[in-house]
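J.: Build the 3D model from these lines:
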Amino acid sequence: MYWLIGSLIIIVMMGVLAVADNVIMPTVLSLLDMVDTSNLPLALTIFATFLLASAQFNIPSIDSHSVDKKTSNNATLHTKLPFRVIRYLVLALLAAALMIGSALQALVTHQQAENTEITAPIRVQALVHIEGLSDSVYDAAADGGYRQVAVITNIAPLVAELTPQELATKTSNYLKVDKNSLSRNYDVNSNEVSIKVSEHRILLNAYPRKSANDSQFAFLNDLQPGDEVFMSLALAPLATSEQAVNNPTGFDSYRWLRGRHIDGVANILAVSPILVNSNETSNEISDEKYSKQSLDSDSYLQRFRTHIDQGRWRLRQHFYQDWSAQTTAAQQAKAVTLSLLTGDRSLINRDTKDLYQLAGISHLLAISGTHVLFLAIVLAGIVVLLFDRNYSTIYRRIPRWQVRWWVMIGAAFIYALFTGFDVPAARTAWMLLAIGFVRLTLLPISTMRVLLALAVLMAWGDPYALWQAGYWLSFIAVALLLKYDDTSY
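T.: Numbering: from 1, shown residues only. Take a look at the predicted model:
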């Protein structure tokens, strides 16, 4: 029953996501707008815990030595029958509630994505907030394009072409007024286009154009996570953009972008040379006012994640120093080293990527759970070795395996965050935490069951993770390894 329900939950959520793109459900969607579904994952977790506890409940039988054998069998049968019926009914209701709740969670996530998606092409000017590291760097000499996930706010229609100097003037005017008064929704009606939300998460694109003056785009490589800058953009929806067209290899870029929670794509038309949050411009407004607005706009977790991404960006810049003065072989040696360390493949050119794909080892350029686990094991071994030699008295209060476990958890989560906290790395970190918790509490739960529970929980947290190849490769690979390990014994 455990495996059946877990598998059905994932299948139901995948089915809802696949059907929701092609089926209009106005009645259900209107009900979702009226109900608060923010705590739905927590409710599903509670229902699942209730279901597991009920499944472990067994009705005790009557002692056969105290009564006649025939009488004992009849009494046992009559005693167990009502309880079994009630028990199976409760289990069926809880299982049905989990299925319905899982489908609802997938539908809610789809509805949220539909509410923020770009529906038609339009040109706008907007405040761009850089989020994470760029997927590539702008290199006019090597025809390298710039791709960056960003959040755009303060969206306004672009009625005329803007130069970088005009955007810089707009930046100065923006800093002189109250930011809260500008954070409003714009209704942009042009060619039946309407943007009614205050922000979008988009994929920025900038490619070298020989006929245009692209010197301003070199500034894009200096943008680090957390920077804010005004840009004029040409927005396009996922369904009609070039990134959403399936190529002959079978790669579905629409689902890949949806899995990253991208609302649309945008070609960069012009970039302001002045950052909104730079040291030079921030002096024009009160430091106290600026810091208070920063505290209000970002949560502590978001700011912590931004600091981690800025550390990754500085490491990339270290590898990117004097890039044009180096040979192609030296450049790609550094690019591959950076990718092996942090999973940042932005400096790798197309020829190197093709060579790795031809050799069948392109997966080495991405951080997997194996990287995280090996690092955690090595660091835990070093710490335990130091404790054995110098601080062995600590084992009087805490067992050796718990010292190793805590070090592995810390190393796994820090390294996973530093590499982007993608699904494979996140799965490894949460798996280490769950396995240690099971051993600490002495619960009779197998590792395979912990793996399935973690797969379901991650799907509840982000249903679009089911569209990511890393989700399936990570969990299926670990399941096969665990199965092989059980069979070998």
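J.: for the chain, longest strand please?
T.: Counting by DSSP state E, the longest strand found in the chain is strand 146-157.
J.: angle of the following helix or strand past it against strand 146-157?
T.: If you walk from strand 146-157 toward the C-terminus, the next helix or strand you reach (DSSP states H and E) is helix 164-176. Using axes from the mean of the first three to the mean of the last three Cα atoms, to 10 degrees, the interaxial angle of helix 164-176 with respect to strand 146-157 works out to 70 degrees.
J.: At which residues are the helices of the stretch 201-350 of the chain located?
T.: Counting by DSSP state H, counting those that start in this stretch, residue ranges of the helices within the stretch 201-350 of the chain are 253-259, 279-282, 287-297, 300-320, 328-342, 350-359.
J.: Chain neighbours aside, what residue packs nearest to the spatially most central residue of the chain?
T.: With distances taken as Cα atoms, centre = their mean, the residue of the chain nearest its centroid is D422 (5.8 Å). Closest residue to D422 in three dimensions, ignoring its sequence neighbours and counting by Cβ to Cβ, 6 or more residues apart in numbering: G470, at 6.0 Å. (Glycine included, C-beta is placed from N, CA and C.)
J.: tell me which strands and helices whatever helix or strand the one you found lives in is in contact with?
T.: In the assignment (DSSP H and E), G470 maps to helix 469-488. Contacts defined by 3 or more Cβ pairs under 8 Å, 6 or more residues apart in numbering; DSSP states H and E place helix 469-488 against helix 423-441, helix 447-461.
J.: wait, which of the ones you listed is closest to A97?
T.: Closest to A97 of the helices and strands packed on helix 469-488, according to Cβ to Cβ: helix 447-461, at 13.4 Å.
J.: who's in contact with the nearest residue to Q332 once chain neighbours are set aside?
T.: The shortest distance from Q332 to any residue that is not its chain neighbour, by Cβ to Cβ, 6+ apart, is 4.9 Å, and that residue is T352. Contacts of T352 were listed using Cβ atoms under 8 Å, 6 or more residues apart in numbering, and they are 332, 335-336.
J.: ranking these by neighbours, who comes first?
T.: Using other Cβ atoms under 10 Å as the neighbour definition, those reach their maximum at A335, which records 23 neighbours.
J.: That one is in contact with F319, isn't it?
T.: Yes - look at A335 against F319 with Cβ atoms under 8 Å: they come within range, at 7.4 Å.
J.: Now do the shared contacts for these two.
T.: When contacts are counted by Cβ under 8 Å, 6+ apart, A335 and F319 have L347 as shared neighbours.
J.: unless I'm mixing things up, A453 is touching G6, no?
T.: Yes - here A453 lies in contact with G6, judged by Cβ under 8 Å, at a distance of 7.3 Å.
J.: contact partners of stretch 447-461?
T.: Contact partners of stretch 447-461, identified using Cβ under 8 Å, 6+ apart, comprise 2-3, 6, 9-10, 13, 41, 44-45, 48, 102, 105, 423, 426-427, 430-431, 434-435, 438, 465-466, 471, 475, 478-479, 482-483.
J.: gap between that stretch and the chain center?
T.: Taking Cα atoms, centre = their mean, to the nearest Å, the mean C-alpha location of stretch 447-461 is offset from the chain mean by 16 Å.
J.: One more: stretch 395-402?
T.: 35 Å.
J.: Could you shift the numbering so residue one becomes 591, and keep it that way?
T.: Yep, numbering from 591; the last one is stretch 985-992 now.
J.: now the end-to-end length of that stretch.
T.: Start and end residues of stretch 985-992 are separated by 9 Å (Cα to Cα, to the nearest Å).
J.: and that stretch, what's its mean pLDDT?
T.: Confidence over stretch 985-992 (mean pLDDT, whole number) is 89.
J.: now swap in stretch 927-940 and tell me
T.: Averaged across stretch 927-940, pLDDT comes to 89.
J.: Quick one: end-to-end length of it, please.
T.: Stretch 927-940 has an end-to-end distance of 16 Å (criterion: Cα to Cα).
J.: what comes into contact with that stretch?
T.: Applying Cβ under 8 Å, 6+ apart, the set of residues contacting stretch 927-940 is 723-727, 732, 734, 902, 905-906, 909-910, 913, 918, 921-922, 924-926, 943, 954-957, 1008-1010, 1012.
J.: Buried among the residues you listed? Need that as a selection in PyMOL.
T.: Applying 16 or more other Cβ atoms under 10 Å to the contacts of stretch 927-940 leaves a buried subset, and the PyMOL line that selects it is:
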select buried, resi 723+724+725+726+727+734+902+905+906+909+910+913+921+922+924+925+926+943+955+956+957+1008+1009+1010+1012
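J.: Pass me the low-pLDDT residue ranges in this protein, would you?
T.: When residues are selected by pLDDT under 70, those of the chain lie in 614-627, 645-671, 673, 767-787, 800-804, 830-841, 868-888, 1078-1079.
J.: Which members of the contacts of stretch 1037-1051 are classed as buried?
T.: Judged by neighbour count, with 16+ other Cβ under 10 Å as the criterion, the buried members of the contacts of stretch 1037-1051 are 596, 599-600, 603, 631, 634, 638, 692, 695, 1013, 1016-1017, 1020-1021, 1024-1025, 1028, 1055-1056, 1061, 1065, 1068.
J.: How far does the longest helix along the chain sit from its chain's centre?
T.: In the chain, with assignment by DSSP state H, the single longest helix is helix 659-706. On the basis of Cα atoms, centre = their mean, helix 659-706 is displaced by 31 Å from the centre of the chain it belongs to.
J.: Quick check: what element follows it along the chain?
T.: strand 712-720.
J.: Now do that following strand and strand 736-747, the angle between them.
T.: Using the same axes, to 10 degrees: strand 712-720 against strand 736-747 is 120 degrees.
J.: Residues touching strand 712-720, excluding its own?
T.: The set of residues external to strand 712-720 that reach it, using Cβ under 8 Å, 6+ apart, is 738, 740-748, 752, 757, 760, 764, 778, 780-781, 783, 785, 794, 813-825, 859, 866.
J.: Next: stretch 948-956.
T.: 926, 929-930, 933, 935, 938, 943, 946, 1012, 1014, 1060.
J.: would you put the C-alpha positions of that stretch in CSV?
T.: C-alpha atoms of stretch 948-956 as CSV (Å, rounded to 0.1, in the frame of the first residue of the first chain):
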residue,chain,number,x,y,z
LEU,A,948,29.7,13.0,-27.8
ALA,A,949,31.8,11.2,-25.2
GLY,A,950,28.7,10.7,-23.0
ILE,A,951,30.1,12.4,-20.0
SER,A,952,28.3,15.7,-20.1
HIS,A,953,26.6,14.9,-16.8
LEU,A,954,30.0,15.4,-15.1
LEU,A,955,29.7,19.1,-15.8
ALA,A,956,26.6,19.4,-13.5
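J.: That stretch: how far from the chain's middle?
T.: Stretch 948-956 sits 22 Å away from the centroid of its parent chain (Cα atoms, centre = their mean).
J.: How about stretch 994-1009?
T.: 17 Å.
J.: now do stretch 950-959
T.: Between the mean C-alpha position of stretch 950-959 and that of its chain there is a distance of 18 Å (Cα atoms, centre = their mean).
J.: One more: stretch 732-750?
T.: With Cα atoms, centre = their mean, you get 21 Å for stretch 732-750.
J.: So what's the residue count around the nearest residue in space to F1065 that is not next to it in sequence?
T.: Taking Cβ to Cβ, 6+ apart as the measure, F1065 lies nearest to A1045, with 4.9 Å between them; neighbours along the chain are not counted. Using other Cβ under 10 Å, A1045 has 24 neighbouring residues.
J.: swap in L697?
T.: L697, neighbours per other Cβ under 10 Å, totals 21.
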